[in-house]
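Asker: Any chance you can model this:
(chains A and B)
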Number of protein chains: 2
Amino acid sequence: MPNPTAAMIVIGDEILSGRTRDSNMHYLAKQLTAQGIDLAEVRVVADEADNIISAVKGLSATYDNVFTSGGIGPTHDDITADCIAAAFDTHIDVRDDARALLADMYEKTGREFNAARMRMARIPDGATLIDNPVSTAPGFTLKNVHVMAGVPSVFEAMVASVLPTLTGGAPLQSVSVRLDRGEGDIAGPLGEIANAYPSVSIGSYPFNIDGKYGANIVFRGTNSDVISQAEAALRAVFPEAI
Amino acid sequence: MPNPTAAMIVIGDEILSGRTRDSNMHYLAKQLTAQGIDLAEVRVVADEADNIISAVKGLSATYDNVFTSGGIGPTHDDITADCIAAAFDTHIDVRDDARALLADMYEKTGREFNAARMRMARIPDGATLIDNPVSTAPGFTLKNVHVMAGVPSVFEAMVASVLPTLTGGAPLQSVSVRLDRGEGDIAGPLGEIANAYPSVSIGSYPFNIDGKYGANIVFRGTNSDVISQAEAALRAVFPEAI
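Answerer: As a prediction, this is how the structure comes out:
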């Protein structure tokens, strides 16, 4: 059975302007791979409703799971929750469970629970809250879309809350072989091996260290026996492989 | 006049599996912003022809420029050039100018110019080559799509070759103001300022350092006078701003 699939939507002008370097994509990619869920596509979109709604509609219809990061804080540019509601044609308003979480936290910390902060309790009807052990304001899951914060520490904590609830596939196994030869020397035999083992995904990642060319060849799949056979086929051609 | 727009397509299973952390997106975002070109969307797609072709078609029809990274090497998973040709319904084969560049380099370096390496001379009809001062194998521009390598040093060199040929807009100016207060305290006044200065894009980027909440407020636009007015409006509300 093929693994479940996923897509990610990174929401934020600050990524597209180059002001901030996104780290959530790489973090989620590693976590999903370990869980046996294939991250098939990522989109980075601006803080604009049309773009967000269109990405949510398209990707949630195509993949088993969609993860979003960013745009769920209290400021005017935090429009993700409303866009998710719009994408699914669902009503959204301040919800009692989310408001109670926030009210309790602001009371304990002595900060004012004002109108802006109340925006963080806006949750679409039918959504399940995602726990935020870092800063309380919850994420949420609506249908197959998991809506999480952009701040990396909060994003990572929310991923940890969501992943155990998802059905994973067979975890991806991988084996890496280093060859200190140019990719052009490797490509011919490697193509034949890729054809001979269609269930193994074989990638070639070139490097150039101190002027010497080489490539890391990575065999990925869910059956470690078949991966070993493909790896052995490569080593038979290039006995010097590391 | 609005700035020219751009999208980027990052091609590579290794990014989606979490094996490699992409750095080209952040690099390109900064370069485009400095040149006055708005990066509006980024997609990360797997090494699969359907996905690449669909992204190229959709984004090249929507934005002024499209930049791709990855998938132009000699191995079986390097399918970008063929996908670009397919997206534009253009013929592709080994082209004499690209072959000559590679033949010259392999002759000088004493390496074999074999069939796999010849793949890197496959260039769609009508495309303009992009210079690769790092490792010779060229990128290319076809219509409004700029096709570049995924290896960061080569990608960056190719961006340097392409950017001067593009028409930029007014470079983006930005001013950053740090407030050591929770975003929820800032959000109300900030929303009013955002409404009052619609030509200024105002972002709020929260942080939490040693348990203290704060936010960097960034004002972006092409008119520095208006940016200064919006900044002054914020400082009038929060005189303690840094």
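Asker: just checking, next helix/strand downstream of the worst-scoring helix or strand of chain A on mean pLDDT?
Answerer: Ranking every helix and strand in chain A by mean pLDDT, DSSP states H and E puts strand A:201-209 at the bottom, with a mean of 81. Once the chain leaves strand A:201-209, the next helix or strand it forms, by DSSP states H and E, is strand A:212-221.
Asker: Residues touching that next one, excluding its own?
Answerer: Identification of contacts with strand A:212-221 by C-beta atoms under 8 Å, 6 or more residues apart in numbering or on different chains yields A:172-183, A:186, A:190, A:199-208, A:227, A:230-231, A:234, B:13-14, B:17, B:19. The C-beta positions use only the backbone N, C-alpha and C, and glycine is treated the same way.
Asker: swap in stretch A:228-242?
Answerer: Outside stretch A:228-242, the residues that touch it by C-beta under 8 Å, 6+ apart are A:175, A:177-181, A:186, A:189-190, A:193, A:196-197, A:200, A:202, A:217, A:219.
Asker: quick check, nearest of those residues to chain B?
Answerer: residue A:190 (5.9 Å; C-beta to the nearest C-beta).
Asker: these two touch, right, that closest one and residue B:73?
Answerer: No. Between residue A:190 and residue B:73 there is no contact, the gap being 11.2 Å when judged by C-beta atoms under 8 Å.
Asker: joint contacts of those two?
Answerer: Common contact partners of residue A:190 and residue B:73 (C-beta under 8 Å, 6+ apart): residue A:204.
Asker: Give me the number of neighbouring residues for residue A:26.
Answerer: 15 (other C-beta atoms under 10 Å in any protein chain shown).
Asker: residues contacting the spatially most central residue of chain A?
Answerer: Computing the C-alpha centroid of chain A and ranking residues by C-alpha atoms, centre = their mean puts residue A:28 first, at 3.7 Å. By C-beta under 8 Å, 6+ apart, residue A:28 lies in contact with A:8, A:39, A:67, A:69, A:155, A:159, B:18.
Asker: Output those residues in TSV; the columns should cover secondary structure, distance to residue B:61 and neighbour count.
Answerer: Putting those into TSV (DSSP: H, G, I helix; E, B strand; the rest coil; distance: C-beta to C-beta, whole Å; neighbours: other C-beta atoms under 10 Å in any protein chain shown) gives the following:
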residue	secondary structure	distance to residue B:61	neighbour count
A:8	strand	24	27
A:39	strand	26	26
A:67	strand	27	31
A:69	strand	27	31
A:155	helix	32	24
A:159	helix	34	20
B:18	coil	31	19
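Asker: From those, pick the one nearest residue B:47.
Answerer: Comparing those against residue B:47 with C-beta to C-beta places residue A:39 closest, at 13.4 Å.
Asker: buried subset of the contacts of strand A:212-221?
Answerer: Taking 16 or more other C-beta atoms under 10 Å in any protein chain shown as the criterion, what is buried in these is A:172-175, A:177, A:179, A:181-183, A:186, A:190, A:200-206, A:227, A:230-231, A:234, B:13-14, B:17, B:19.
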